[in-house]
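Asks: test case, fold it:
(chains A, B, C and D)
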There are 2 protein chains.
Amino acid sequence: MARQPSYDRDLALDQAVELFWEKGYHASSLKQIEQALDMRPGSIYASFGSKDGLFSEALARYAGHGAKALAEHMASYTSVIDGLKGYLRDIARDCSDESRRPSKACLIVKTLLESSRTHPVMSQQANAFLADIEEGLKRWLERARDQGELDASVDCRRLARFIQGQIMALRIMAERPLPPDALTALGEDMAATLDPFLASPRPL
Amino acid sequence: MARQPSYDRDLALDQAVELFWEKGYHASSLKQIEQALDMRPGSIYASFGSKDGLFSEALARYAGHGAKALAEHMASYTSVIDGLKGYLRDIARDCSDESRRPSKACLIVKTLLESSRTHPVMSQQANAFLADIEEGLKRWLERARDQGELDASVDCRRLARFIQGQIMALRIMAERPLPPDALTALGEDMAATLDPFLASPRPL
DNA sequence: TCTGTTTTTGAGCGAACACTCAAGATATAG
DNA sequence: CTATATCTTGAGTGTTCGCTCAAAAACAGA
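Replies: Below is the predicted model:
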């Protein structure tokens, strides 16, 4: 008894992610959004309410993809720590591709820095996703500790924050025009920071 | 035979730094700039040429202050590594102040992330300052290595990038609303990452 | 095919944007 | 005090911003 939307909402969101990830919130105009989504303003506002609403949904989609990617990555490792080290190394490798689009830095971090003093709702959302990621890392680390991979004295929440910091730094450093192997080396150095937290084979 | 400007150019730049540091480039409007500098558009454009020009000079001033602060900090240490560890701890302490203004994250990093795909001139400038900082860290590390504080095999440029990454991550993490002691703990963990690079007292 | 509902369209809204410039104000030199 | 060079002012420029909405188009059920 009615008409169906002619666009794919998730596809439109993916294209919004690409635009916002590349240019940030403020530098993405509605003209550019119209072009990226191949939608006219009326349809955009009917679907997403506002530029803010679209950004919010795009950010959520980005965060969801990222969480899924981490989970899939970890699933291919038996050792949690090897998995996390591999994750850092993979970021370094993937971000070494000079032509990588739309950006190397994390959209959540970019959003936090762009909005933290100007757009409280947006920064709260970014902070919530960062807290989710921290929580996910903490759970992996707890599993590693319970399995004896990490030293029993390790504070998993604290170590999760440390690792999250390494990921942020690696991806921001990837925005710099560094020589080809610099990022790989940095990823290696960051992976090595986890070693002091490993359980000693037999301390006594 | 003529009139003197009634404003202090450096003071105006300091106020521009404050505004841009808080809101970023795009979110700082000329109305807000006029208010922050207490100058009218004609004077602003006569002095700085454009919003871009003002931003560029403000960023340079910020970077100069930062370099001077690091130099002064290091001057009060005999051990380079203790100095760098202290620098990380100081950042953690200073950024723990919830009311700290205008931002906790580094303006250069914020600029890099805001401009890297949209404003090449700006991102080049940010990258140049980051390279300067890396170079400064490298020189400190070389001195530490030459004095036997660091292991002779240490790649100082590589370690400088690693430390720069720690600083970036610490200051970004400070933008998150974390529990009071979390940042101190993170600073401590980051300081500890330098230990594996220290020269062994007597390896043989 | 006709009818009813929903979607798409794009011209156009007021507001805010970065920026200009002619006129007025002000300090210095003579 | 006068003359002059420079600075300050702020109304106003054209443009672009995010956004609206009436009309046209398109599909589903009868």
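Asks: and the gap between the closest residue to DNA strand C within chain A and DNA strand D?
Replies: Per Cβ to the nearest atom of the strand, A:Gly42 is where chain A lies closest to DNA strand C, at 2.3 Å. The way it works is simple: take the backbone N, C-alpha and C, and place the C-beta from them, glycine included. According to Cβ to the nearest atom of the strand, to the nearest Å, A:Gly42 stands 3 Å off from DNA strand D.
Asks: could you check the pLDDT of that residue?
Replies: Note for A:Gly42: predicted pLDDT of 97.
Asks: equivalent analysis for the one 10 residues further on, please.
Replies: You'll see A:Asp52 listed with a pLDDT of 98.
Asks: quickly find the element holding the residue of chain A closest to DNA strand C.
Replies: Under the criterion DSSP states H and E, the helix or strand holding A:Gly42 is helix A:41-48.
Asks: touching chain B at all, the longest helix seen in chain A?
Replies: The longest helix of chain A (DSSP state H) is helix A:120-146. Yes - interface with chain B: helix A:120-146 contributes A:Asn127, A:Leu130, A:Ala131 (Cβ under 8 Å from any Cβ of the partner chain).
Asks: gap between A:Asp146 and A:Glu134?
Replies: Counting by Cβ to Cβ, to the nearest Å, the gap from A:Asp146 to A:Glu134 is 18 Å.
Asks: between those two, which has more neighbouring residues?
Replies: Higher neighbour count among A:Asp146 and A:Glu134: A:Glu134, with 19 against 11, using other Cβ atoms under 10 Å in any protein chain shown.
Asks: for the closest residue in space to the more buried one that isn't next to it in sequence, helix, strand, or coil?
Replies: Excluding its sequence neighbours, the residue lying closest to A:Glu134 (Cβ to Cβ, 6 or more residues apart in numbering or on different chains) is A:Ala160, at 5.0 Å. Using DSSP: H, G, I helix; E, B strand; the rest coil, the structure places A:Ala160 in helix.
Asks: can you pull the contacts of A:Ala160?
Replies: Going by Cβ atoms under 8 Å, 6 or more residues apart in numbering or on different chains, A:Ala160 touches A:Glu134, A:Glu135, A:Leu137, A:Lys138, A:Leu141.
Asks: JSON lines for the residues you listed, including distance to DNA strand C?
Replies: Shown next, in JSON lines, are the contacts of A:Ala160 (distance: Cβ to the nearest atom of the strand, whole Å):
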{"residue": "A:Glu134", "distance to DNA strand C": "34"}
{"residue": "A:Glu135", "distance to DNA strand C": "36"}
{"residue": "A:Leu137", "distance to DNA strand C": "38"}
{"residue": "A:Lys138", "distance to DNA strand C": "41"}
{"residue": "A:Leu141", "distance to DNA strand C": "44"}
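Asks: A:Tyr7: which of those residues is nearest?
Replies: Taking Cβ to Cβ as the measure, A:Tyr7 lies nearest A:Glu135 of those, at 33.9 Å.
Asks: what sits against the closest one?
Replies: Applying Cβ under 8 Å, 6+ apart, the residues near A:Glu135 are A:Ala160.
Asks: which pLDDT value goes with it?
Replies: Value for A:Glu135, per-residue pLDDT: 98.
Asks: before we move on, what about A:Arg202?
Replies: 59.
Asks: repeat for A:Ala46
Replies: 97.
Asks: stretch A:45-53 and DNA strand D in contact?
Replies: Yes - judged by Cβ under 7 Å from any atom of the strand, stretch A:45-53 comes into contact with DNA strand D through A:Tyr45, A:Ser50, A:Lys51, A:Asp52.
Asks: farthest pair in those?
Replies: A:Tyr45 and A:Asp52 (11.4 Å).
Asks: wait, A:Arg200 touches A:Ala152, no?
Replies: No, residue A:200 isn't Arg; it's Ser. No - A:Ser200 is not in contact with A:Ala152 according to Cβ atoms under 8 Å; the separation is 10.5 Å.
Asks: okay, now the unreliable bits of chain A?
Replies: Residue ranges of chain A with pLDDT under 70: A:1, A:202-204.
Asks: same thing but 90
Replies: Along chain A, segments meeting pLDDT under 90 span A:1-7, A:200-204.
Asks: spell out which parts of it neighbour DNA strand C.
Replies: Residues of chain A found near DNA strand C (Cβ under 7 Å from any atom of the strand) are A:1-7, A:39-43, A:46-47.
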